[in-house]
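**Student:** Make a model of this:
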Amino acid sequence: MESLARFASLSPIAVPLPSPFRGSRRLRRGGVLRAELSNEGTDPLLISAMDAAALRFQETNRPEPLLVDPYAGCFVTSDFEIKSMKQSPHYCLSTRYIDDKLVSTVNHTDALKQVVLLTDGMDTRPYRLKWPYLTLIFDISPERVFKVANERLKDAGAKVPQTCVFLHVPWEPSKIEETLYTKGFSGTRPSIWAIQGFPVMTMANFEEILDLVGHMAMEGSYFLGELPAWLAETEIGKKTELSSWMDNIFTRHNFKVKIINYDKIAKNLGRQPTSENYGNILFIAENLRLSDGQMEIWRRTARRIEEDGDEDGFEEL
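**Tutor:** Just a heads-up that it's a prediction; the model follows:
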């Protein structure tokens, strides 16, 4: 996990993001406040998270939006002008896909009440999605970004459903598993994990994340989201080999993976496919191995059976 510690303080490479916003048009949806960038503008992780929030804010204010984020505006500068924003239909398509998949999976999978989000720190899903009763939501993200986001969300009146629990887990690679367990995560119960906006700097970083999910998530749990496409391009060089490359990476960590086509998502949502060159790969994967928690139960059961067998044999003698 050492390389994860090194990259945690670096700038993320995720969605194609616009430059800091300038303009005069004032927009509002749901009475949300907009925040000043001020001296926080020097933090690359914070800038990237705000830029992604601005894309959601832009989409929210369209006549027929793919998604509605009533809280994205509290991360957008007060002089924001919607016309100056670089459009990113792929980002909105992937956000909508992840939104829908998270909620539908939690609603239709027996006993699945654990959601783990690896984010940029400004993910508003815990507040804006309709989570079922007793959903336990974890946000794993950079601490300094989350603190800024949490203050602004409180000012905007954002609240997690009363029947759900939302817990932040600071991204400290050496403590991540311990912190998740301490806060109530169980590897013997189903879970769904999602990654979007989380800073991934090398292929080794992403494989360590796969290793983390594989060890903690129960067999049959899901992992979906986006990873930077340049990771694949630097290793395989040919986009036609992407599917095989993804299969190889995920299979090594005992996942079965499927690449999600952006054009198909657009078609399903009644939108036109786009030719924009997008920098991410959208995927969904299923964990095929037992979690550490399941393995521990298996070991205890095996020992108990062995001990019971020894006692029975002694009595027979």
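**Student:** Okay, now the unreliable bits of the stretch 201-317 of the chain?
**Tutor:** 234-240, 308-317 (pLDDT under 70).
**Student:** same thing but at 90, please
**Tutor:** Residues of the stretch 201-317 of the chain meeting the criterion pLDDT under 90: 201-205, 228-243, 271-279, 292, 294, 296, 298-317.
**Student:** Run through the helices of it in chain order.
**Tutor:** 203-216, 229-236, 242-252, 262-268, 292-316 (DSSP state H, counting those that start in this stretch).
**Student:** In TSV: the ones you listed, plus mean neighbour count and distance to residue 186.
**Tutor:** Where you see a C-beta, it was placed from the backbone N, CA and C, and this is true even at glycine. Output for the helices of the stretch 201-317 of the chain, formatted as TSV (neighbours: other C-beta atoms under 10 Å; distance: least, C-beta to C-beta, whole Å):
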stretch	mean neighbour count	distance to residue 186
helix 203-216	19	9
helix 229-236	15	31
helix 242-252	15	24
helix 262-268	16	32
helix 292-316	11	6
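**Student:** Minimum distance to residue 95: which of the ones you listed has it?
**Tutor:** Residue 95 sits nearest to helix 262-268 of all these, at 10.4 Å, using C-beta to C-beta.
**Student:** Please convert the helices of the stretch 201-317 of the chain to TSV, extending it with distance to residue 65.
**Tutor:** Below are these laid out as TSV (distance: least, C-beta to C-beta, whole Å):
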stretch	distance to residue 65
helix 203-216	30
helix 229-236	25
helix 242-252	30
helix 262-268	14
helix 292-316	40
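**Student:** Please name whichever of the ones you listed is nearest to residue 222.
**Tutor:** Nearest to residue 222, of all the helices of the stretch 201-317 of the chain, is helix 203-216, at 9.6 Å by C-beta to C-beta.
**Student:** Pull the distance from that closest one to the chain's centre.
**Tutor:** With C-alpha atoms, centre = their mean, to the nearest Å as the basis, helix 203-216 stands 13 Å off its chain's centre.
**Student:** Near the residue lying closest to residue 119 once chain neighbours are set aside, how many other residues are there?
**Tutor:** If the residues on either side of it in the chain are set aside, residue 119 comes closest to residue 141, at 4.6 Å by C-beta to C-beta, 6 or more residues apart in numbering. Look at residue 141: counted by other C-beta atoms under 10 Å, it has 25 neighbours.
**Student:** The one 3 residues further on now?
**Tutor:** Using other C-beta under 10 Å, residue 144 has 15 other residues around it.
**Student:** And it, what's its pLDDT?
**Tutor:** Reading off the confidence values, residue 144 has pLDDT 93.
**Student:** was I right about it contacting residue 44?
**Tutor:** No - using C-beta atoms under 8 Å, residue 144 is not in contact with residue 44, being 11.3 Å away.
**Student:** OK, contacts around the residue nearest to residue 119?
**Tutor:** 117-121, 123, 168-171, 198 (C-beta atoms under 8 Å, 6 or more residues apart in numbering).
**Student:** the strands in the protein, which residues?
**Tutor:** Using DSSP state E, the strands of the chain run over residues 114-118, 136-141, 165-170, 191-195, 222-228, 255-259, 280-287.
**Student:** The spatially most central residue of the chain pairs with what?
**Tutor:** Centroid-nearest residue in the chain, with C-alpha atoms, centre = their mean: residue 195, separated by 2.5 Å. Residues in a beta bridge with residue 195, per DSSP bridges, are residue 118, residue 225.
**Student:** need the contact list for it.
**Tutor:** 117-119, 209, 223-227.
**Student:** Quick check: it vs residue 230, distance?
**Tutor:** 16 Å (C-beta to C-beta, to the nearest Å).
**Student:** Also residue 278?
**Tutor:** Distance from residue 278 to residue 230, by C-beta to C-beta: 11 Å.
**Student:** do the same with residue 58
**Tutor:** Residue 58 sits 24 Å away from residue 230, taking C-beta to C-beta as the criterion.
**Student:** Residue 244 now?
**Tutor:** 18 Å.
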